[in-house]
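> This is the structure alone, sequence omitted:
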């Protein structure tokens, strides 16, 4: 449910339309091959007979020169397709026969998808760069894929306060920008109504941020906790302009809104765009002092992938220290690749919103998958929140 | 078929009188052909042609289309609406199954439909969708009628240019055109900037995420679907009727009300249905331009499908929407046809 790392709603809608077609095939791979190929154990160094790889990743979530470099090095043609919401990816995966060889679900979604039998186990002998993984980050997503059998972490990030420094200062000079009070305290958020507030359209993640704010246990499924969170959300609702996971990047960058409950890297990209456009908007991201919700986006291979060998090659390539550093510098999300850290652009590496210090890291909580009955309650509450009733 | 046969028959008999010798060599089948046609019981063959071959042949293609792209998906969705959501590929329970002792079992869950009434969300979204669609249809008609009328009355060359202009926007992606409206309507968008620059307003008007933006989007996108059927109706009107009305002393607006408007009713109905039906289920325009505090039914449906991972309830919403929407429209259309037939 960690949605958009991208700027275009069009991408989201196109994704929705595509997903609505159910098992529509992506890429050129003939489906007939899939069974035979998938049962092959991946052999080190081996590529598939067909030199093709179909990748489905978040929009604006890779450095533009990485895919061409991979294609050149291995002579594999990459069909690179993008989505902007976990729900879209999940709907495609559960419909089956996606035609993709590498997909990037967030870890809490991946945990359910593993149970549904969507993915194949990775052959770790073919991904030697796994040795680069930072154990301090790995221990946090390990519970979602015990033994890390199915997936490799691509990037991780947090959801927190994205804001336009000057506009917030103008609206409320002593605004508590390092706190979730910016959103969840009506006495504070009411000052920002006119300059525009957005919230991510991600119920599982946002409710965890409310739990963090209220000091309740994250991922709680207790009905009374849900009710308490709903009360907080409803109180803030009148001051929120929209609930959406993609529009806010552009809107923060061009000053259309002044405050966003958004993702670390997205706000970073918004700041970058504002600087590039020289429009005077100074956009910043802070991890709230109460703590924050941490998400992990994972590289995984669908069970019916037609080119599993190429998929392993690609995952190993993305785990190379220099490639991971290049991507992290470009997309402003945190790599969990310890070998890449020294190579990352210092502007990104030293941004405490992207790479929080050890103390802030201790306050981060991970999204866990919720039970289906709870999801029903949560989605219902979320619709009430969005519709303000 | 009969046409070509008839023509051939006539031309053959005409030609037989002054046929040059030797034409039998170039067209050796001609005598046989004539014989066959003389012997043929014409009425009987026409009956076969019209009722056994022609009609089914002509309707087969649209029928096959409807069965393949409407009936089959409808039956599949209808089936899923009686299922139950599970964590698997695909994420719903099979309706059919064999029990351990090899008995075919059919499980139908009616709870999905019941569920639609336990939460006011579905009913209120449905009513809101109908309202948005009705208002949009009204404005489409208000704008589209004069445009269609103008085109129908224009000279042939101008008419073609106007029709081109109506159709031209379709060459650009629908998504892009709706997206462009965001650039026009947003707080620091084109319209607000111009108004502020002109000094008409001092603070930008909030137009995005309002009903107003949705109406603009829908009317803009669906206007051609109103204009084209209206135009094709208005274009056929006999102008001598209006001349006769004028000769008899009727004022133009009265002639319009008494002659043109009633005659254009089929065009109005066709255009309105073409706008109203897709507008009720509209998903893209309200998600890009619309309010977040009131969902349209298309958005509710997609939320069930994507966010809730509940295909069965999503299917039930779709079926309920179809029944609530299509049945009244079918009744209305039948009534309308009867009205028109009486006139």
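Here it is on my side, so go on. The shown structure was predicted, so the numbers you read here are calculated from the model rather than taken from an experiment.

> which residue sits closest to residue A:287, ignoring its sequence neighbours?
Counting by Cβ to Cβ, 6 or more residues apart in numbering or on different chains, residue A:287 lies nearest to residue A:160, which is 4.7 Å off, once chain neighbours are set aside. Glycine gets a C-beta too; all of them are placed from N, C-alpha and C.

> which ones are touching the one you found?
Each residue near residue A:160 by Cβ atoms under 8 Å, 6 or more residues apart in numbering or on different chains is listed here: A:261-262, A:264, A:285-288, A:292, A:353.

> Just the residues you listed: which are in helices?
Counting by DSSP state H, the part of those found in helices is residue A:264.

> now, which of the contacts of residue A:160 sits nearest chain B?
residue A:261 (14.0 Å; Cβ to the nearest Cβ).

> where does chain A have its least confident helix or strand?
Among the helices and strands of chain A, helix A:34-39 carries the lowest confidence by mean pLDDT, DSSP states H and E, at a mean of 38.

> after that helix comes which helix or strand?
Downstream of helix A:34-39, the next assigned helix or strand under DSSP states H and E is strand A:52-58.

> hmm, back to that, quick one: secondary structure of the residue nearest to residue A:287?
Assigned state for residue A:160: strand (three-state reduction, DSSP: H, G, I helix; E, B strand; the rest coil).

> next one: residue B:266
Assignment for residue B:266 (three-state DSSP): helix.

> again, but for residue A:79
Residue A:79 is classified as strand under three-state DSSP.

> separation between it and residue B:101?
Going from residue A:79 to residue B:101 by Cβ to Cβ, to the nearest Å gives 48 Å.

> Show me which of these two is the more surrounded one.
residue A:79 (17 against 5; other Cβ atoms under 10 Å in any protein chain shown).

> if I look at the closest residue to residue A:52 other than its chain neighbours, how far off is residue A:309?
Counting by Cβ to Cβ, 6+ apart, residue A:52 lies nearest to residue A:77, which is 5.1 Å off, once chain neighbours are set aside. Separation of residue A:77 from residue A:309 (Cβ to Cβ): 14 Å.

> higher neighbour count, these two?
It is residue A:309, of residue A:77 and residue A:309, that has more neighbours when counted by other Cβ under 10 Å, with 24 against 14.

> was I right about the more buried one contacting residue A:46?
Yes: assessed by Cβ atoms under 8 Å, residue A:309 is found in contact with residue A:46 at 5.0 Å.

> what's the burial count for residue B:143?
15.

> about what we covered before: need the buried ones from the contacts of residue A:160 selected in ChimeraX.
A single ChimeraX command selects the buried members of the contacts of residue A:160 (16 or more other Cβ atoms under 10 Å in any protein chain shown):
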select /A:261,262,264,285,286,287,288,292,353
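
> Tell me which two of the contacts of residue A:160 sit farthest apart.
A:261 and A:353 (13.6 Å; Cβ to Cβ).

> Ends of stretch B:180-190, what's the gap?
Length of stretch B:180-190, first residue to last, Cα to Cα, to the nearest Å: 10 Å.

> and for that stretch, what are the contacting residues?
Under Cβ under 8 Å, 6+ apart, the answer for stretch B:180-190 is A:196, A:254-256, B:191-192, B:204, B:206-208, B:213, B:216-217, B:220, B:288-289.

> For the stretch 101-250 of chain B, which residues are neighbours of chain A?
Residues of the stretch 101-250 of chain B lying close to chain A (Cβ under 8 Å from any Cβ of the partner chain) are B:119, B:121, B:175-176, B:179, B:186-188, B:209.

> contacting residues around residue B:307?
A:87, A:203, A:379, A:382.

> can you count the residues close to residue A:320?
Residue A:320, neighbours per other Cβ under 10 Å, totals 18.

> Then the one 4 residues further on?
The criterion is other Cβ under 10 Å. On that basis, residue A:324 has 27 neighbouring residues.

> same check, this time on residue A:346
That count, for residue A:346 with other Cβ under 10 Å as the rule, works out to 9.

> Taking the centroid of chain B, which residue is nearest it?
By Cα atoms, centre = their mean, chain B has its centre lying nearest to residue B:274, at 4.1 Å.

> so it sits in a helix?
Yes: looking at residue B:274 with three-state DSSP, it is inside a helix.

> surely it meets residue B:225?
Yes: using Cβ under 8 Å, residue B:274 is in contact with residue B:225, at 4.2 Å.

> Parallel or antiparallel, which strands does the one helix or strand residue B:97 maps to pair with?
Using DSSP H and E, residue B:97 sits within strand B:96-98. Applying DSSP bridges, strand B:96-98 is found paired with strand B:104-106 (antiparallel).

> Show me the contact partners of the strand it pairs with.
Applying Cβ under 8 Å, 6+ apart, the set of residues contacting strand B:104-106 is B:95-99.

> ok, of those residues, which come out buried?
Using 16+ other Cβ under 10 Å, no member of the contacts of strand B:104-106 is buried.

> Out of these, the closest to residue B:150 would be?
residue B:95 (54.4 Å).

> so who does that closest one touch?
Applying Cβ under 8 Å, 6+ apart, the residues contacting residue B:95 are B:79, B:82-83, B:106-108.

> Which pLDDT value goes with it?
pLDDT for residue B:95: 83.

> what about the residue nearest to residue B:84 when sequence neighbours are not counted, how many residues close to it?
Nearest residue to residue B:84, sequence neighbours excluded (Cβ to Cβ, 6+ apart): residue B:93, at 4.6 Å. Residues within reach of residue B:93, counting by other Cβ under 10 Å, total 16.

> before we move on, back to that, and the contacts of residue A:160, which of them are in strands?
A:261-262, A:285-286, A:292 (DSSP state E).

> mind putting these in JSON lines, pLDDT and distance to residue A:302 included?
Formatted as JSON lines, the ones in strands among the contacts of residue A:160 follow (pLDDT from 0 to 100; distance: Cβ to Cβ, whole Å):
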{"residue": "A:261", "pLDDT": "97", "distance to residue A:302": "32"}
{"residue": "A:262", "pLDDT": "95", "distance to residue A:302": "29"}
{"residue": "A:285", "pLDDT": "95", "distance to residue A:302": "33"}
{"residue": "A:286", "pLDDT": "94", "distance to residue A:302": "37"}
{"residue": "A:292", "pLDDT": "92", "distance to residue A:302": "31"}
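
> from these, which single one is nearest residue A:375?
residue A:261 (20.7 Å).

> Can you report how many residues neighbour the residue nearest to that closest one when sequence neighbours are not counted?
Spatially, and ignoring its direct neighbours in sequence, residue A:261 is nearest to residue A:199 (4.6 Å; Cβ to Cβ, 6+ apart). Other residues lying near residue A:199 total 26 when counted by other Cβ under 10 Å.
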